[in-house]
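> show me the folded form of this:
(one chain, ligands or ions: 2)
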Amino acid sequence: MKLKEFLMNIVFLDRTGIPASHNIPRLSFPHTWTEYDRTLPEETFERSKDADIVVTSKVVFDRELLSRLPKLKLIAITATGTNNIDLDAAKDLGIAVKNVTGYSGVTVPEHVLGMIFSLKHSLIGYHRDQVTSDRWATCGQFCYTDYPITDVRGATLGVFGKGCLGTEVGRLAQLLGMNVLYAEHKGASHIREGYTEFETVLKQADIVTLHCPLTDTTKNLINAETLALMKQTAYLINTGRGPLVDEAVLLDALENGKIAGAALDVLVKEPPEKDNPLIQAAKRLPNLLITPHIAWASDSAVTTLVNKVAQNIEDFVAHGK
Ligand SMILES: NC(=O)c1ccc[n+]([C@@H]2O[C@H](COP(=O)([O-])OP(=O)(O)OC[C@H]3O[C@@H](n4cnc5c(N)ncnc54)[C@H](O)[C@@H]3O)[C@@H](O)[C@H]2O)c1
Ligand SMILES: O=C(O)[C@H](O)CO
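Ligands and ions are numbered 1, 2, ... in the order given. Prediction:
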């Protein structure tokens, strides 16, 4: 039985998770295409129950939900991260899951470099002063130096997750004259060549940057215990997934000067509540930079992404995998 001989029912559950300027290219086989701007958890079953193929970035599919979708053959993820899908359950139930790797290999590393420079040169604090106060006008000198300014060159970057993105961040950092350490998995009995022991990286890094997937093992990778190993002068960057970091622990560390600052592109809950404590803190702290999960979204990356999503679906329908 060839899938492409049947009319495939395709449902895109969160169209607004991709910029409106970009569309997933038209598919070559017979199909229906239904799309929704966004889908709430209580709407997911109803919208997915007749689908052969679901397209989504962040809609959650747990085992219970997947087991109620016998018609579903493929979940095509419009992202790299697959942490919203119970992959074990999908495998057990014979539902294929295809994500897109590598599409953001320029944009995410560039975003991380921007964060490194912003933190090390305190650009956030100095800029904020200009729009919220007359600190410069009243400082009595041609300049003032309220916030620390330290060089990027010569600093040590600790990279957690030596995959597509971590490797490119490390490569660019080396070009800037940084020392780069790739962290071995926490608790590993053997340190692979090219890696440094997990805790040693946390202790030596001037900047820690997270590029591992969110799994049961990596959840709260940065917690009270691991954060305490970081230097008081070190910065934390998270463009991986929010739950890699215990947000309450991070907030306490920033409020009490346990680390020098942080830059986050991802939060535990997205979109966050209006009163999210980290976002509230970012309104007053000069050393906390938050971007709304957009490290991936350069124009060229999104172009590559939508083309690869279409190719993933075409390949699945043509070859069944
Ligand atoms: N903020 C964004 O816009 C954005 C964009 C793309 C990807 N991401 C996130 O970045 C993650 C990484 O993307 P990628 O393309 O580099 O993926 P990748 O699969 O190429 O690399 C992930 C690496 O993490 C390693 N890893 C797994 N578990 C680990 C652990 N416990 N400790 C240390 N390393 C571990 C893997 O071995 C692999 O080398 C994605 O899973 C996604 O969550 C975020
Ligand atoms: O995983 C990804 O590709 C990014 O987080 C955007 O969804």
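
> looking at this structure, which residue reaches furthest from the middle?
What lies farthest from the middle of the chain is residue 140; by Cα atoms, centre = their mean that is 42.7 Å.

> quick check: the residue most central in space within the chain vs residue 24, distance?
Nearest to the centroid of the C-alpha atoms of the chain, with distances taken as Cα atoms, centre = their mean, sits residue 240, at 3.3 Å. Here the criterion is Cβ to Cβ, to the nearest Å. By it, residue 240 lies 25 Å from residue 24. All C-beta atoms are positioned from the backbone trio N, CA, C, and that covers glycine.

> related to what we said a few turns ago, what about the residue farthest from the centre of the chain, distance to residue 276?
Look at residue 140 and residue 276: by Cβ to Cβ, they are 38 Å apart.

> go on, residue 99?
When Cβ to Cβ is applied, the distance between residue 99 and residue 276 equals 27 Å.

> flag every residue of the stretch 1-150 of the chain that's near ligand 2.
57, 79, 80, 81, 104 (Cβ under 6 Å from any ligand atom).

> for the closest residue to the second one other than its chain neighbours, what are its contacts?
So that's residue 79. The shortest distance from residue 79 to any non-neighbouring residue, by Cβ to Cβ, 6 or more residues apart in numbering, is to residue 57 (4.8 Å). When contacts are counted by Cβ atoms under 8 Å, 6 or more residues apart in numbering, residue 57 is found next to 14, 17, 18, 77, 78, 79.

> could the residues you listed go into TSV alongside distance to residue 167 and secondary structure?
As requested, the contacts of residue 57 are exported to TSV (distance: Cβ to Cβ, whole Å; DSSP: H, G, I helix; E, B strand; the rest coil):
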residue	distance to residue 167	secondary structure
14	29	coil
17	26	helix
18	26	coil
77	21	strand
78	23	coil
79	19	coil
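
> mind picking the two most distant members of these?
The largest separation in the contacts of residue 57, counting by Cβ to Cβ, is between 18 and 77 at 11.7 Å.

> quick one: the helices in the stretch 151-300 of the chain?
Taking DSSP state H, counting those that start in this stretch to define them, one finds helices in the stretch 151-300 of the chain at 164-175, 198-204, 224-227, 247-255, 277-282, 299-319.

> out of these, flag the one nearest ligand 2.
Taking Cβ to the nearest ligand atom as the criterion, ligand 2 comes closest to helix 299-319 out of these, the separation being 7.5 Å.
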